[in-house]
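**Q** Following is a predicted model, sequence given first.
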Amino acid sequence: MNTYIDILPEIKTALLNKLPVVALESTIISHGMPYPKNVETAKLVEKMVRDNGAIPATIAIINGRLKVGLSEDELEYFGKKGMEITKVSRRDIPFIISQKIDGATTVASTMIIANMAGIQIFATGGIGGVHRGAEKSMDISADLQELAKTNVTVICAGIKSILDLGLTLEYLETQGVAVVGYQTEELPAFFSRKSGLKVDYNLTTPKEIANTIQIKSKLNLQGGIIIANPIPLDYEVEFSSIEKIIQKALLEADKNNIKGKDITPFLLDKIEKLTKGESLKANIQLVLNNAKLAAKIASNM
């Protein structure tokens with residue numbers, strides 16, 4: 001694997017010495033928000049990880065190289081190219097490498113590359129899932145299959161609220177993936193702390209979560225764990241309010257025949273416009289909150 005992967009020396013040393021490392025994705029940089037806000041946010045998230053006792057490892061593909069940790073110049077390069085960069089999931093990785101181009105890693109591909117490097121903890125915004133209307137479109141995120149097979153714990157603010165939350169939970173149960181609420185028995189719904197749906201387990205401390213991950217590893221049980229961490233109360237958008245906005249965005253997506261991997265960035269952009277930027281502020285705060293918890297979990301491993 002050393003043929004294709006570049007690990008920053010600081011991260012390599014940390015992994016060799018069993019120091020806490022937290023993986024971070026790069027789609028949120030390239031496709032999540034415009035430049036320079038994307039780079040500013042990426043640096044804030046990395047700082048949050050450091051401030052809470054762990055080393056950040058932002059994962060991306062640059063010129064066909066799997067990057068575990070980005071330099072400041074690489075972060076800037078990635079942020080400036082933005083939407084020009086190909087969004088990469090599991091199926092895309094060998095093609096992006098062979099063509100020596102850039103790739104923004106999704107939850108699935110970040111998990112894969114983190115696992116290759118030996119990183120067990122990954123912080124992101126929200127995971128993908130079963131799309132609304134999937135009974136017709138069969139649109140189900142590759143994130144869910146990756147969670148079933150790759151041994152990385154994902155700290156998130158729940159399932160992205162643009163998705164079918166109930167069906168996503170059913171799918172995860174079928175795949176044997178536990179959904180754990182951090183200090184909550186209710187599934188957070190990305191922008192909202194409430195969804196009306198229950199998580200499988202409620203764990204209340206980073207140490208308790210770390211202990212569970214270690215036991216799962218010792219039992220050699222394959223797959224990841226989802227740690228659903230509610231958005232900070234001050235930045236929450238009420239579920240019923242965001243649902244009305246999502247419905248408007250979905251109608252426009254359907255009208256314009258937007259599907260597949262284009263649907264999520266379209267909907268998030270539309271929601272940002274309809275909320276006059278409030279959803280972007282909430283998105284940044286929930287990612288920072290997840291990075292903080294991820295670092296604390298990694299520090300207890």
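**A** Arrived safely. Numbering: from 1, shown residues only.
**Q** CA atoms for contacts and neighbours, from now on please.
**A** Fine.
**Q** Residue 298 reaches residue 15, doesn't it?
**A** No: between residue 298 and residue 15 there is no contact under Cα atoms under 8 Å: 11.7 Å.
**Q** Those two: which has the busier surroundings?
**A** The residue with more neighbours, out of residue 298 and residue 15, is residue 298; 25 against 16, by other Cα atoms under 10 Å.
**Q** Kindly export the helix or strand where the more buried one lies (C-alpha atoms) in PDB.
**A** Assigned by DSSP states H and E, residue 298 belongs to helix 278-299. Only the C-alpha atoms of helix 278-299 are listed here, as PDB (Å, rounded to 0.1, in the frame of the first residue of the first chain):
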ATOM      1  CA  GLU A 278     -28.000  29.900   8.700                       C
ATOM      2  CA  SER A 279     -27.600  26.300   7.600                       C
ATOM      3  CA  LEU A 280     -24.000  26.900   6.600                       C
ATOM      4  CA  LYS A 281     -23.300  28.400  10.100                       C
ATOM      5  CA  ALA A 282     -24.900  25.300  11.700                       C
ATOM      6  CA  ASN A 283     -23.000  23.000   9.400                       C
ATOM      7  CA  ILE A 284     -19.700  24.500  10.500                       C
ATOM      8  CA  GLN A 285     -20.600  24.300  14.200                       C
ATOM      9  CA  LEU A 286     -21.700  20.700  14.100                       C
ATOM     10  CA  VAL A 287     -18.500  19.700  12.300                       C
ATOM     11  CA  LEU A 288     -16.400  21.400  15.000                       C
ATOM     12  CA  ASN A 289     -18.500  19.800  17.700                       C
ATOM     13  CA  ASN A 290     -17.900  16.400  16.100                       C
ATOM     14  CA  ALA A 291     -14.200  17.000  15.800                       C
ATOM     15  CA  LYS A 292     -14.000  17.800  19.500                       C
ATOM     16  CA  LEU A 293     -15.800  14.600  20.500                       C
ATOM     17  CA  ALA A 294     -13.700  12.500  18.100                       C
ATOM     18  CA  ALA A 295     -10.500  13.800  19.600                       C
ATOM     19  CA  LYS A 296     -11.600  13.000  23.100                       C
ATOM     20  CA  ILE A 297     -12.600   9.500  22.100                       C
ATOM     21  CA  ALA A 298      -9.300   9.000  20.300                       C
ATOM     22  CA  SER A 299      -7.400  10.200  23.400                       C
END
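**Q** Residue 258 and residue 252, how far apart?
**A** 9 Å (Cα to Cα, to the nearest Å).
**Q** quick revisit: joint contacts of residue 298 and residue 15?
**A** Counting by Cα atoms under 8 Å, 6 or more residues apart in numbering, the shared contacts of residue 298 and residue 15 are residue 21.
**Q** Contacts for the helix holding residue 298, please.
**A** With Cα under 8 Å, 6+ apart, helix 278-299 has contacts from 19-22, 33, 41, 44-46, 48-50, 52-55, 121-125, 155-157, 190-191, 206-207, 209-210, 229-232, 235-237, 271-272.
**Q** All the strands of this protein, residue numbers only.
**A** Per DSSP state E, the chain carries strands over the ranges 5-7, 21-24, 55-62, 65-68, 86-88, 103-105, 121-123, 153-156, 179-182, 201-203, 225-228.
**Q** what residues are up against the residue at minimal distance from the centre of the chain?
**A** Relative to the mean C-alpha position of the chain, the nearest C-alpha, by Cα atoms, centre = their mean, is the one of residue 124, at 3.0 Å. Remark: with contacts taken as Cα under 8 Å, 6+ apart, residue 124 is in contact with 24, 25, 107, 154, 155, 156, 287, 290, 291.
**Q** and if we set it to 6 Å?
**A** Contacts of residue 124 were listed using Cα atoms under 6 Å, 6 or more residues apart in numbering, and they are residue 156.
**Q** again, but for the one 5 residues further on
**A** Under the criterion of Cα under 6 Å, 6+ apart, the contact list for residue 129 reads 140, 141, 168.
**Q** want to try TSV for those, with pLDDT as columns?
**A** TSV is the format used below for the contacts of residue 129 (pLDDT from 0 to 100):
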residue	pLDDT
140	87
141	88
168	96
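**Q** any idea which of these is closest to residue 185?
**A** residue 168 (16.9 Å; Cα to Cα).
**Q** Much appreciated, bye for now.
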